[in-house]
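In: I would like the atomic coordinates for the input below:
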Amino acid sequence: MSPRTRHHSRTFLRTAVTLLALLAHTRSVLAVERERTGTQATRARLETASEAELPALLQQLSSTTPRGREARSVAARSVAKLLGAGQADAVSEQGLVALAALASGKPAGSAAGPGTSSAPTVTGAVDALPLRANGALEGWAALLVQYTQHRRPGLRAVAFRALAQVAGNDKPLRAIVADGLRDSTPDVRAAAARGLETLHAREATPLLLRAFMRGVPEAAVTLGVVGEPSSLDAYGTLLTKLPLDVMLSGYQRYLVRADLNDDAKLNVVARLEELAGAPVLRFLSGLAREPQLSPTLRQAALASSARIAAALAPQRSAAGGTP
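Out: I've put the predicted structure just below:
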């Protein structure tokens, strides 16, 4: 290649790179402008929509969350203003869902209230909105906290799920979610228990254990997922005191965790074998198929299943083969 040809090639490449960079910048500017325009339109629609139109509008907002932080912040303030004025339950529930989606930058998913369809998947990382400014809660976050004390249990439950979606590492907000375990309504306590699982709130282990002993069955699964490893012993003391199906729901999560040693898990399998029965047989048979299990634990689950099945065989035969 001659010097002149090389010069022309370099010039062409530099020009092409410059044009591509300019094109990318232009697209970025246009995208920001489109999002700003869309956010302004959403705010105007929220201010002018009828009560009948608001639930669908809020649902759309929560499932088509803007990616830009500023646009989501503006939308969150608009929704908070709407809810702060007082609305019917259907509007308030979907508004809380929308707030959580806007604040987290993700579809609300499990934070959705009754009748809410599942939200689409958001691709790519999106920054969550800051919860506090100069130490004080942002208005939309304070509104979520306010709704956890609402007189209507349904709204409290939605508020706890929404708060769990956005609380992150904020200790006071995590504590508020945990406090929901003391609510007077079962559905609200259940929402708080599931919220603590969302937050992976290991610090709430003592509260979850107390709640479980006092009749919050949803705490079993949350304990199985996030409870301190030492909580397995305390959980086991309830084996013959609380419904077996609920206990097994927690054990299913405990026994696949990587942070629990096999000795503790083998002890659980042995205790379950002592109980025997068809529910335990189904549980251990299913457990043996879990890919996370160590070979030792899988073998123990299979052996226990075989012994229980052998012990149940005469009973099934006498009952005409009925499990």
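
In: Based on its surroundings, how many neighbours for residue 54?
Out: By other CB atoms under 10 Å, 20 other residues sit near residue 54. Where C-beta positions appear, they are placed from N, C-alpha and C, glycine not excepted.

In: got a list of what it touches?
Out: Neighbour list for residue 54: 46, 82, 87, 91, 94, 95 [criterion: CB atoms under 8 Å, 6 or more residues apart in numbering].

In: Would you mark the buried spots in stretch 40-50?
Out: Within stretch 40-50, the residues that qualify as buried are 42, 43, 46, 49, counting by 16 or more other CB atoms under 10 Å.

In: mind listing the helices in the stretch 1-150 of the chain by residue range?
Out: Secondary structure of the stretch 1-150 of the chain (DSSP state H, counting those that start in this stretch): helices at 3-48, 54-63, 69-84, 89-104, 139-147.

In: who does the helix or strand hosting residue 265 touch, helix- and strand-wise?
Out: Assigned by DSSP states H and E, residue 265 belongs to helix 262-275. Applying 3 or more CB pairs under 8 Å, 6 or more residues apart in numbering; DSSP states H and E, we find helix 262-275 packed against helix 231-236, helix 244-254, helix 278-287, helix 295-318.

In: Relative to residue 271, tell me which of those wins on proximity.
Out: helix 231-236 (6.6 Å; CB to CB).

In: Show the secondary-structure elements that that closest one is packed against.
Out: Helix 231-236 packs on helix 205-213, helix 218-226, helix 244-254, helix 262-275, going by 3+ CB pairs under 8 Å, 6+ apart.

In: How far does it sit from its chain's centre?
Out: 24 Å (CA atoms, centre = their mean, to the nearest Å).

In: got a list of contacts for it?
Out: For helix 231-236, the external contacting residues (CB under 8 Å, 6+ apart) are 205, 208-209, 212, 220, 223, 227, 247, 250-251, 254, 260, 264, 267-268, 271.

In: Quick one: end-to-end distance for stretch 201-219.
Out: Distance across stretch 201-219, first residue to last, is 12 Å (CA to CA, to the nearest Å).

In: So which bits of that stretch are buried?
Out: Under 16+ other CB under 10 Å, the buried positions of stretch 201-219 are 201, 204, 205, 207, 208, 209, 211, 212, 216, 217, 218, 219.

In: Give me the mean pLDDT for that stretch.
Out: Averaging pLDDT along stretch 201-219 yields 97.

In: who touches it?
Out: For stretch 201-219, the external contacting residues (CB under 8 Å, 6+ apart) are 174, 177-178, 181-182, 186, 189-190, 193-194, 196, 220, 222-223, 226-228, 231, 234-235, 238, 242-243, 246, 249-250.
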